[in-house]
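>>> predicted model, plus sequence, below.
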Amino acid sequence: MSNIYLEGNFAPVNEEVALPCTEIEGDIPNDLAGYFLRTGPNNQFEPIAPDLYHPFDGDGMIHQIEFANGAATYRNRWVRTPGFLREREEGKSIWGGFNTIGKIEAPPDMPMKNLSNTAMVVHAGKLLSTWEAGSPFEVGLPDLDTVGAQTFGGDWTEAVSAHPKVDPRTGELIVFCYSPAQQPYVRYGVVDAQGRLTHKTGIELPGAPVMVHDMAITKNHSLIFDMPVTFSIERIMNGGKAFDWEPENGTRIGILPRYGEGSETKWFDVDTGYIFHVFNAWEEGDEIVLDACRTVRTAILDTDVGQLDELNARMHRYRFNLTHGTVEEHRVDETPLEFSRINESRVGEKTRYGYASRFHPERGLLFGAMLKHDREGDRIDAIEMGPTQFNQEVVFAPRVGSTEEDDGYVVGFVHDEADDHTECWVVDARKFTDGPVARIRTPRRVPYGFHSHWAPA
Ligand SMILES: [Fe+2]
């Protein structure tokens, strides 16, 4: 194979295990109870065209650390989607990937393999594994068995984006998906706390169809990002990319009431850029505040990471005035960061703290520090990795019984390339710069991947 995303710690693992973690430095807190989860691409078979393999392409595998009574157990399982099971039956790769759209023929009865490799969310007591071009899959805890596709009672058979949002106050799940084929390019819905779809509408985008990765919610509104990674069939027919950076399409953020119709969306023109992930959004009077990770442009669709620095995201703040239709925006800090997270019991209301990772200056999609952001003074603290260590996305795990926003732990995987081993780090969020209180060596290597999640016990 000749592709950096199939080598080193990007290389997939092919064993599924459930093993206790026995090598621990420090002490695992007794009041940390639940599941730390990390998903990512882990192709089952060698790709049809390894040189065209894109880091988005691999079959989703979830790695889990279960915390209970000061001890930790590691498990990993693939998400068994129909495409995964069909390849398993045939013993080889059948589908191509992101870079081979229009180049490798797919089985007519299943034009796409749902990779279910991107992120996770817990809703209505169920863990859902997401992939933005298909249905989420319910995965059981603690065993990570695939239960099946989640269509909310059969009422939402379309895709659900990688990052639907749970409103912690109402238990609702706010979902959307995007279609490159026909208007409305964005479809939006609300699922109630019992898993029933209660609202659905289409949102017509003013320009071309675009790739939309994340969204934001407040108590009463939803924010949709129309940012210029466009889809073009014409480009594919001419041998070009399915998705490409096309700034002339405009950069807009649309805001609609949670139960609004697509036609009620108010569009705000913002500076040209792209948002992959948000920290949080909330209402302040007739204004909406949004903190997000924003790049001036994006090349994440390319595997060429040569110009990485200028393509790295920075923390960006928007203030939308719903009465006057105006927006103010500014870059908050120069630290290149991504994979922004908050205490998710505060989604949609004003938060003080955020957690993220700082890009490594030389290693593409990898991170060289865990970050904590304090909105009071916009201070960013860092836990630096060693020269051969790279951290993955960190999440916030509330301490059992906690009520304060910052009362909990920051948890994430760290891989050390010196001897190819992985650790799960647990940091006391309120003593962030003290570094980890526990470093738990995983019994098996955990390949680099995408999003992490915390599911309380
Ligand atoms: Fe994401």
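Looks like it came in fine.

>>> which stretch of helix or strand covers E89?
According to DSSP states H and E, E89 maps onto helix 82-90.

>>> mind listing what's buried in that helix?
By neighbour count with 16 or more other C-beta atoms under 10 Å, helix 82-90 contains the buried residues G83, F84, E87. From N, CA and C alone the C-beta is placed, and that goes for glycine too.

>>> wait, which of these is closest to P398?
Closest approach to P398 among these (C-beta to C-beta): F84, at 32.8 Å.

>>> which residue comes closest to the closest one once chain neighbours are left out?
In space, and not counting its chain neighbours, F84 is closest to D59: 5.2 Å by C-beta to C-beta, 6 or more residues apart in numbering.

>>> now the helix holding E89: average pLDDT?
Average pLDDT, helix 82-90: 97.

>>> hang on, the earlier thing: so can I have TSV of the buried residues of helix 82-90 showing distance to P447?
Below are these laid out as TSV (distance: C-beta to C-beta, whole Å):
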residue	distance to P447
G83	20
F84	17
E87	18
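
>>> with respect to P47, which of these is nearest?
Distances from P47 to those, taken by C-beta to C-beta, are shortest for E87, at 11.0 Å.

>>> residues contacting the closest one?
Q44, F45, D59, S93, I94, W95, K113 (C-beta atoms under 8 Å, 6 or more residues apart in numbering).

>>> cutoff 10 Å now
Listed by C-beta atoms under 10 Å, 6 or more residues apart in numbering, the contact set of E87 reads N43, Q44, F45, D59, T81, S93, I94, W95, K113.

>>> M215 now?
By C-beta under 10 Å, 6+ apart, the contact list for M215 reads 161, 163-165, 174-176, 186, 188, 222-225, 253-254, 275, 278, 281.

>>> likewise for Q150?
Per C-beta under 10 Å, 6+ apart, neighbours of Q150: 123-124, 126, 128-130, 135-139, 156, 160, 173, 191, 195.

>>> out of those residues, who has the most neighbours?
For the contacts of Q150, the largest number of neighbours (other C-beta atoms under 10 Å) sits with P136, at 32 neighbours.

>>> tell me how far that residue lies from G239.
Applying C-beta to C-beta, to the nearest Å, the value for P136 to G239 is 33 Å.

>>> does anything pack onto the biggest strand by length in the chain? Which helices or strands?
If you go by DSSP state E, the chain has its longest strand at strand 274-284. Contact here means 3 or more C-beta pairs under 10 Å, 6 or more residues apart in numbering; DSSP states H and E; on that basis strand 274-284 packs against strand 165-166, strand 216-217, strand 221-226, strand 252-257, strand 287-295, strand 314-321, strand 337-341, strand 353-359.

>>> mean neighbour count, distance to V414 and mean pLDDT for those strands - can I get that in a markdown table?
As requested, these are exported to a markdown table (neighbours: other C-beta atoms under 10 Å; distance: least, C-beta to C-beta, whole Å; pLDDT from 0 to 100):
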| stretch | mean neighbour count | distance to V414 | mean pLDDT |
| --- | --- | --- | --- |
| strand 165-166 | 23 | 27 | 98 |
| strand 216-217 | 26 | 29 | 98 |
| strand 221-226 | 24 | 30 | 98 |
| strand 252-257 | 20 | 34 | 98 |
| strand 287-295 | 23 | 21 | 97 |
| strand 314-321 | 20 | 22 | 98 |
| strand 337-341 | 24 | 14 | 96 |
| strand 353-359 | 24 | 11 | 96 |
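
>>> to N9, which of the ones you listed lies closest?
Taking these one by one with C-beta to C-beta, strand 353-359 is closest: 15.6 Å.

>>> quick one: that closest one to strand 314-321, angle?
140 degrees (axes from the mean of the first three to the mean of the last three C-alpha atoms, to 10 degrees).
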